[in-house]
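Asks: Just need the structure, nothing else, for what follows:
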Amino acid sequence: MFLALVLLAIPPSGTFSIVGFDPETREWGIAVASRVLDVGYIVPWLEAEVGAVATQALANPFFGPWGLEALRKGKSAETVLRVLLARDTAPQDRQVAVMDREGRCANFTGEGTLPWAGHRRGTFVCVQGNILTGPEVVDTMLRVFQSTRGPLAERLLAALEAGEAAGGDRRGKQSAALYVVRARGGYLGVDDRLVELRVVDQPEPVRELRRLYEKWQYAFLAPAYLRLAQEDSARREAFLDRAHDLLVKALRDSLRDPEVLNSLAWSFALLKAYPEETLEAARRAHLLAPEDPNIMDTYAEALYAAGRYREAVEMELKALAADPDNAFFQKQLEKFRKALNQER
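Replies: Below is the predicted model:
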């Protein structure tokens, strides 16, 4: 009885969210926005190789741990949803989505949720919302997610932006969040937090979420994908493809941060993947910071990866001219000269 009273005392929150799965990289993600403080603290629950739960409307926070516990046992999304609703004291006031380890989705909107409220689902995706301007919000989110390519995080965020543009929460805006999990997807593989972004209280939270993601994707997501490409041979091509999407996006958007471009070029050059785009990223980094010897060295490595050994030697000599005592640059020069001699 105490639990029921506590939950019923929580005010209802108008929220729209999307839960998605990428079967090629085995990522689970949730994006959410609402006219409440820190919706990312309330709605999303995720666990790599287990699944995801989004609990909203008159949110029952126990749905998160209860749902993940059941998903760990291998239960399907539909089964877990039934279990959650059966255990609840007021299911008619809840809205919930469950995605299992295979990406199967089940979602529910109680008849007591405030209008407009409803949900949609598709292959590897489920969308839900309450106190919305109308069904066009969830319809648009589903369509945009299904038509967008690239990393799961990008697809989820694009859908969230589309939902807001279609009307979103009819009371206004305040917070948003984007989470994606993948086994060893976190920083240097220490944990599973591939993407973790929260906007707690902002007049334009989804816009701020996009601003943060635009920085995060190059600083953390691309390196994670490149690392995972080396760790998971079965999914190497999928991870390289996602990282390549980010490299192409950086070039298309005319990114002007030499350090970011240099980092991307260096990582791709070491893998000898996508040599032309790698070379273009290195070239742009060098144009933006022409006196930086480390960027010259990256440019030389990119030339080497593209099979342009003579130019690699010339660029490495420029790096050494700027930093004559750099032992690493000297080893690089030896490597490039050896390749050039073997080519002759």
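
Asks: domain assignment for this structure?
Replies: 2-226, 256-343 (automatic domain parsing).

Asks: can I get those domains in TSV with mean pLDDT and mean neighbour count?
Replies: Every C-beta, even on glycine, is put in place using the N, C-alpha and C of the backbone. What follows is these, written out as TSV (pLDDT from 0 to 100; neighbours: other Cβ atoms under 10 Å):
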stretch	mean pLDDT	mean neighbour count
domain 2-226	94	20
domain 256-343	95	19
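
Asks: Including distance to Val248, could those domains go into JSON lines?
Replies: Below are those laid out as JSON lines (distance: least, Cβ to Cβ, whole Å):
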{"stretch": "domain 2-226", "distance to Val248": "9"}
{"stretch": "domain 256-343", "distance to Val248": "6"}
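
Asks: Indicate which one of the ones you listed is closest to Ala234.
Replies: The minimum distance between Ala234 and the domains of the chain falls on domain 2-226, with 10.1 Å, by Cβ to Cβ.

Asks: So what's the gap between the closest one and the chain middle?
Replies: 13 Å (Cα atoms, centre = their mean, to the nearest Å).

Asks: For the closest residue to Lys173 other than its chain neighbours, grab phi and psi.
Replies: Once flanking residues are discounted, Lys173 sits nearest to Pro205: 5.6 Å by Cβ to Cβ, 6 or more residues apart in numbering. The phi and psi torsions at Pro205 (degrees, to the nearest 10) take the values phi -70, psi -40.

Asks: residues touching Pro205, list them.
Replies: 33, 173-176, 199 (Cβ atoms under 8 Å, 6 or more residues apart in numbering).

Asks: do you know which of the domains of the chain lies nearest Leu246?
Replies: With Cβ to Cβ as the yardstick, what comes closest out of the domains of the chain is domain 2-226 (4.5 Å).

Asks: what is Val53 paired to in the beta sheet?
Replies: Trp45, Val98 (DSSP bridges).

Asks: related to what we said a few turns ago, look up how far Val199 lies from the residue nearest to Lys173.
Replies: 4 Å (Cβ to Cβ, to the nearest Å).

Asks: Show me where the stretch 51-200 of the chain has its helices.
Replies: With DSSP state H, counting those that start in this stretch, the ranges of helices along the stretch 51-200 of the chain come out as 63-72, 77-87, 136-147, 152-165.

Asks: quick one: the shortest one to helix 77-87, angle?
Replies: Orientation check (axes from the mean of the first three to the mean of the last three Cα atoms, to 10 degrees): helix 63-72 against helix 77-87 gives 140 degrees.

Asks: Quick check: nearest residue in space to Gly150, chain neighbours excluded?
Replies: That would be Asp245: by Cβ to Cβ, 6+ apart, it lies 4.5 Å from Gly150.

Asks: hang on, the earlier thing: which residues are in contact with both of Pro205 and Val199?
Replies: 175-176.

Asks: hang on, the earlier thing: will you turn the helices of the stretch 51-200 of the chain into CSV that also has distance to Ala250?
Replies: Listed next are the helices of the stretch 51-200 of the chain as CSV, based on distance: least, Cβ to Cβ, whole Å:
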stretch, distance to Ala250
helix 63-72, 35
helix 77-87, 36
helix 136-147, 22
helix 152-165, 13
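
Asks: ranges for the strands of the chain?
Replies: 15-22, 27-34, 44-47, 51-57, 94-99, 105-109, 118-122, 125-130, 175-181, 193-199 (DSSP state E).

Asks: Can you pull out the residues in contact with the third one?
Replies: The one in question is strand 44-47. Counting by Cβ under 8 Å, 6+ apart, 17, 28-30, 32, 52-55, 63-65, 67-68, 71-72, 177, 179-181, 192 sit against strand 44-47.

Asks: switch the cut-off to 7 Å
Replies: 28, 30, 32, 52-54, 64, 67-68, 177, 179, 181 (Cβ atoms under 7 Å, 6 or more residues apart in numbering).

Asks: Next: the first one.
Replies: Outside of strand 15-22, the residues within contact range by Cβ under 7 Å, 6+ apart are 28-34, 39, 43, 52, 54, 56, 97, 99, 103, 105, 124-130, 132, 137-138, 141, 145, 152, 155-156, 159-160, 163, 168-169.

Asks: in the sheet, who's paired with Phe108?
Replies: Val96.

Asks: For it, list the residues it contacts.
Replies: Contacts of Phe108 by Cβ under 7 Å, 6+ apart are 81, 85, 95-96.

Asks: ok, of the residues you listed, which one's closest to Glu314?
Replies: The closest of these, once distances to Glu314 are taken by Cβ to Cβ, is Val96, at 61.2 Å.

Asks: is it true that the closest one touches Pro61?
Replies: No. Counting by Cβ atoms under 7 Å, Pro61 is not a contact partner of Val96; they are 11.2 Å apart.

Asks: Overlap of the contact sets of those two?
Replies: With Cβ under 7 Å, 6+ apart as the test, Val96 and Pro61 both reach Thr55.

Asks: Next one: Arg235 from Ala243, what distance?
Replies: Using Cβ to Cβ, we find Arg235 at a distance of 12 Å from Ala243.
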